[in-house]
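Participant: I'll drop the sequence and a predicted model, then ask my questions.
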Amino acid sequence: MATIDLTGISNAPYVRRATSVATTWQEFSFPWWVTKVSVIADSAVYIGFVGAETPADGGAVGSHYFPVGAGGAATVVLRDCDDNPTTTGVARATSVFVAAQSGTAAVSVILESGRD
């Protein structure tokens, strides 16, 4: 499985759908301007970021993730609306990792920027 590279996207909001995410990590990398990322899945998934462990595209799901139920969604704020880190001195995520809890899942990743 290859990283879904969205770093060249220059319009917001932007939606990318992957219809067959397996039980190993699928990485979605995003541009510097993303302030908020949302993940919506038709089946139960795990979501992870680089942090307590370092997920890798195609790698096994480890211990540090958060589950989202079937038909659920999760939104993570990466930067405030003025493009400042949400906490000074903390590096923001540049990718989100998604894996189906079983079988495969169709997943939409929504990238947003700017003020709410």
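Facilitator: Right, received. Where do you want to start?
Participant: report the contact partners of the residue nearest to residue 56 when sequence neighbours are not counted.
Facilitator: Closest residue to residue 56 apart from its sequence neighbours, by Cβ to Cβ, 6 or more residues apart in numbering: residue 25 at 6.5 Å. C-betas here are computed from N, CA, C, even on glycine. By Cβ atoms under 8 Å, 6 or more residues apart in numbering, the residues touching residue 25 are 48, 55-61, 97-99.
Participant: burial measure for residue 74, as a count.
Facilitator: 16 (other Cβ atoms under 10 Å).
Participant: host element of it?
Facilitator: strand 73-77 (DSSP states H and E).
Participant: what's the angle from the helix or strand just after that strand to strand 73-77?
Facilitator: For strand 73-77, the following helix or strand on the C-terminal side (DSSP H and E) is strand 95-100. Going by axes from the mean of the first three to the mean of the last three Cα atoms, to 10 degrees, strand 95-100 is angled at 170 degrees with respect to strand 73-77.
Participant: and strand 95-100, how far out from the chain middle?
Facilitator: 6 Å (Cα atoms, centre = their mean, to the nearest Å).
Participant: average pLDDT for the strand holding residue 74?
Facilitator: For strand 73-77, mean pLDDT is 91.
Participant: same thing with stretch 41-58?
Facilitator: 90.
Participant: quick one: residue 112 from residue 13, how far?
Facilitator: 5 Å (Cβ to Cβ, to the nearest Å).
Participant: good, wrapping up.
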